[in-house]
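structure for this input, please:
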Amino acid sequence: MLNHIVIMGRLTRDPELRRTQSGTPVVSFSLAVDRDFASREGGERQTDFIDVVAWRNTAEFVSKYFSKGRMAVASGRLQIRDWTDRDGNKRRSAEVVADNVYFGDSKRDGDGNQGGGSYARQYNDAPSGGSYGGQSSYTAPSGSDFADLSDDDGDLPF
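As a prediction, the model looks like this:
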């Protein structure tokens, strides 16, 4: 069976880092995730507030680098928990157990600014299927701003 979820939204509060009795770090936070469509009644987009839990290294990473208002991308699995409230009523909660949490904005946008320019980033050490050594076989697409260097001898300066 497949249970994988990816959500992107802004933190509604600062992450809360705790430790289990055995010392395992766990963090909980909530993401405000806008729906992709507007409601028929008012024409405004609805927002879902989704609880997220992360463990171990991911928990420490989130507690160190994320704060209220910061855009985050969380990927993991959806988990449904049954619990009993103080009055003895049976309750059910859904939460995302995050395996990975990524920045959803750039550092300068991370101050809670609601402006544009938010996007997930991915960095690779080397081009796909290639390496840094030797001559590059890359050809810039026509009409691009990239140009081949005529004096490139293929050696890297490091």
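
so where's this structure shaky on pLDDT?
Confidence mapping of the chain against pLDDT under 70 gives the ranges 108-158.

ranges for the helices of it?
Assigned by DSSP state H, the helices in the chain fall at 56-65.

what ranges do the strands span in it?
Taking DSSP state E, the strands of the chain run over residues 5-11, 16-19, 25-38, 45-55, 71-84, 90-103.

closest to Lys64 out of the ones you listed?
Of all these, strand 16-19 sits nearest to Lys64, with 8.7 Å by C-beta to C-beta. (C-beta placed from N, C-alpha, C; glycine too.)

neighbouring strands - and their directions - for the closest one?
Note on strand 16-19: by DSSP bridges, its sheet partners are strand 25-38 (antiparallel).

and the strand it pairs with, which residues are buried?
Residues of strand 25-38 classed as buried by neighbour count (16 or more other C-beta atoms under 10 Å): Pro25, Val26, Val27, Ser28, Phe29, Ser30, Leu31, Val33.
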